[in-house]
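J.: Give me the fold of what follows.
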Amino acid sequence: MLSQPSKELVTVPNPHPNRVYTVEMDCAEFTTLCPMTGQPDFATIYIEYQPAEKLVELKSLKMYLWSFRNEANYHEDCVNRILNDFVVASQPRKAKVIGDFTIRGGIHTKVTVEYTA
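T.: This next block holds a predicted model:
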């Protein structure tokens, strides 16, 4: 069976909910479409969070990030939406998402958004 993109972020119970620790993840293959030209925009997405009761399951995160591939989004919107959806799903103590987009038209874009409970 082939995998399909999904907007659902699946969570699992954190086996150490009372310990404060940091999880760092990155996806070097993030793509979305430029809303002005329809051309692909490429980025590395970095996610750092301090889980509370839930952890985000990694395959669901991969399928979630894949769901942006055929959508037209501004860089700032992508990164804010990723953080918003991540926080709703996992309810972390803290979270940070960085979108480091490749150069387009001579401009390098890096967007950072943060959440604290």
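J.: in this structure, which spans are helices?
T.: Secondary structure of the chain (DSSP state H): helices located at 58-66, 75-90.
J.: Quick check: the closest residue to P92 other than its chain neighbours vs K59, distance?
T.: Nearest-residue entry for P92: Y49, 4.4 Å, with adjacent residues in sequence omitted and distances by Cβ to Cβ, 6 or more residues apart in numbering. Where C-beta positions appear, they are placed from N, C-alpha and C, glycine not excepted. Using Cβ to Cβ, to the nearest Å, Y49 is found at 17 Å from K59.
J.: Which one's more surrounded, the two?
T.: Per other Cβ atoms under 10 Å, whichever of Y49 and K59 has more neighbours is Y49, with 23 against 10.
J.: Per-residue pLDDT of that one, please?
T.: What the model reports as pLDDT for Y49 is 98.
J.: Wait, it touches S90, no?
T.: Yes: assessed by Cβ atoms under 8 Å, Y49 is found in contact with S90 at 6.9 Å.
J.: Now do the shared contacts for the two.
T.: Residues touching both Y49 and S90 by Cβ atoms under 8 Å, 6 or more residues apart in numbering: V56.
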